[in-house]
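**Q** For reference, the sequence and a predicted model appear below.
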Amino acid sequence: MHVGTAVIFQNTNKHTTDLDVYRNDVRLAELAEPLGFESIWTVEHHFTDYTMCPDPLQFLTYMAGRTQTAKLGSMVVVLPWHDPLRVAEQVAMLDNLSGGRLILGLGRGAGRVEFEGFRQDMEDSRPRFVESAECLIEGLERGYCEYDGDYVKQPRVEIRPEPFLTFKGRTYAAAVSPDSVPIMARLGLGLLIIPQKPWDAVEQEIEQYRTLYREINAEDPPAPIIGGWTLCDRDDDRARQLAERYIGGYWQTVLDHYRFHESHLKGQKGYEYYGKFATNLQKQGVDGAIEFFLGLQVWGNPDRCLETIKRNCERVGAGAFIGVFSYAGMPWSDAENNMRTFAAEVMPKLKDEPVRGRVDWAA
């Protein structure tokens with residue numbers, strides 16, 4: 001199994017300066033390859049201290065120059081906020097610079113504060129995502145972008161530097177809403193799973209996705225990738241305490257950023273699932289929601305962490321696990337210990353686990 005790590009640049013409650021957050025998360029990213037992690041990932045978010053990475057491809061380009069072999073993953077590029085032609089150029093440039101190490105993750109976004117900041121209506125985010133993804137994916141395969149849609153109007157223009165490897169099998173999308181799952185199958189994308197709903201529901205959606213993918217594309221889909229907020233410590237009790245503080249603290253930042261626990265998405269076209277999600281959160285209360293989220297993530301001593309990851313990956317046939325080791329104002333010493341303990345005692349065994357699906361880019 002492929003094992004990677006992600007940095008997300010959180011400055012929770014402005015616990016330090018943004019500069020120090022960047023210095024510390026870059027230090028963690030630079031530890032990844034020497035510790036044996038096989039890929040480095042980051043996210044895209046704007047305007048708040050929830051995560052402060054407005055340009056994942058720029059960060060990954062920096063990391064391409066700081067590494068030799070590590071794959072470089074976007075988790076995700078939020079297409080409705082971008083011109084797909086510019087994304088195609090950035091992707092092609094990064095892939096040329098890195099020798100084909102990019103794993104391209106795409107998404108449509110769900111943060112109202114970000115859509116408003118970009119002066120965009122959330123109502124058209126899904127069709128805008130689909131058109132942008134089609135323009136981008138087809139462009140990377142053909143070497144030129146050309147598209148005539150309702151939202152994307154792109155006359156033919158060449159992508160230079162030319163894409164030199166196919167992105168088929170190494171392009172993924174986050175699909176939190178069940179309505180997004182068939183869209184990703186039709187686009188021929190793999191699934192990037194960020195645990196935030198019951199695993200039983202995820203299993204059902206994955207099975208639906210696999211069936212549709214095979215019908216549409218006449219082949220098996222890539223094995224899903226699972227991300228996970230991780231707290232690994234040799235002392236199981238201490239791991240639990242730290243997980244409650246920091247994984248629980250991270251989920252609070254999710255609620256603060258997306259306001260999922262409020263009602264503003266209930267009547268928002270294209271975000272009906274999030275409205276139901278908000279209703280469930282209101283029933284649970286914030287404390288109940290945090291406890292539920294904690295149960296989806298990876299924490300404990302190394303044996304417990306390993307078993308949790310193995311169980312989750314087996315449920316959905318995942319071919320890769322991407323751990324997040326620093327979040328919610330975690331001190332550097334705890335983040336480093338978290339990452340090093342996982343790398344020394346969990347990762348070697350996890351890498352030995354068989355992969356039950358396609359992970360073409362991991363070779």
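**A** Ah, there it is.
**Q** residue boundaries of the helices in this protein?
**A** 18-35, 56-66, 84-98, 112-117, 125-142, 180-187, 199-217, 236-258, 272-296, 302-316, 332-345, 347-351 (DSSP state H).
**Q** which stretch in those has the least confidence?
**A** Note on the helices of the chain: helix 272-296 shows the lowest mean pLDDT, a mean of 76.
**Q** what's the closest non-adjacent residue to M347?
**A** Nearest residue to M347 in three dimensions, chain neighbours excluded: V3, at 5.1 Å (Cβ to Cβ, 6 or more residues apart in numbering). C-beta coordinates here come from the backbone N, C-alpha and C atoms, glycine included.
**Q** That neighbour reaches A318, doesn't it?
**A** No - if you go by Cβ atoms under 8 Å, V3 and A318 don't touch, sitting 11.2 Å apart.
**Q** which of these two has more neighbours?
**A** A count of neighbours by other Cβ atoms under 10 Å puts A318 above the other of V3 and A318, at 26 against 23.
**Q** Just the terminal-to-terminal distance for stretch 5-16.
**A** With Cα to Cα, to the nearest Å as the measure, the ends of stretch 5-16 fall 23 Å from one another.
**Q** sorry, that was for stretch 89-109
**A** With Cα to Cα as the measure, stretch 89-109 spans 21 Å from end to end.
**Q** Same question for that stretch: list its buried residues.
**A** For stretch 89-109, the buried set under the neighbour-count rule, 16 or more other Cβ atoms under 10 Å, comprises 89-98, 100-109.
**Q** what does stretch 132-141 give?
**A** The neighbour-count check on stretch 132-141 (16+ other Cβ under 10 Å) flags S132, A133, E134, C135, L136, I137, G139, L140 as buried.
**Q** mind listing what the residue positioned nearest the centre of the chain touches?
**A** Most central in the chain under Cα atoms, centre = their mean is M75, positioned 3.2 Å from the mean C-alpha point. By Cβ atoms under 8 Å, 6 or more residues apart in numbering, the residues touching M75 are A6, W41, T42, V43, P56, G105, A174, L192, I194, G227, I322.
**Q** Max pairwise distance over those residues: which two?
**A** Spatial extent of the contacts of M75 (Cβ to Cβ) is set by the pair P56 and I194 at 14.5 Å.
**Q** Report how many residues lie close to the residue nearest to A343 when sequence neighbours are not counted.
**A** Leaving aside its chain neighbours, A343 sits nearest to L35 (4.0 Å; criterion: Cβ to Cβ, 6+ apart). Residues within reach of L35, counting by other Cβ under 10 Å, total 14.
**Q** now swap in V113 and tell me
**A** V113, neighbours per other Cβ under 10 Å, totals 15.
**Q** Go ahead and measure how far stretch 321-335 is from the middle of the chain.
**A** 16 Å (Cα atoms, centre = their mean, to the nearest Å).
**Q** what comes up buried for that stretch?
**A** For stretch 321-335, the neighbour count (16+ other Cβ under 10 Å) marks F321, I322, G323, V324, F325, S326, Y327, A328, G329, M330, D334, A335 as buried.
**Q** Same question for stretch 12-20.
**A** Using 16+ other Cβ under 10 Å as the test for burial, stretch 12-20 gives T12.
**Q** likewise stretch 199-210?
**A** Across stretch 199-210, burial judged by 16+ other Cβ under 10 Å covers V202, E205, I206, Y209, R210.
**Q** Can I get those residues in JSON lines including distance to F293?
**A** Putting the buried residues of stretch 199-210 into JSON lines (distance: Cβ to Cβ, whole Å) gives the following:
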{"residue": "V202", "distance to F293": "14"}
{"residue": "E205", "distance to F293": "18"}
{"residue": "I206", "distance to F293": "20"}
{"residue": "Y209", "distance to F293": "23"}
{"residue": "R210", "distance to F293": "26"}
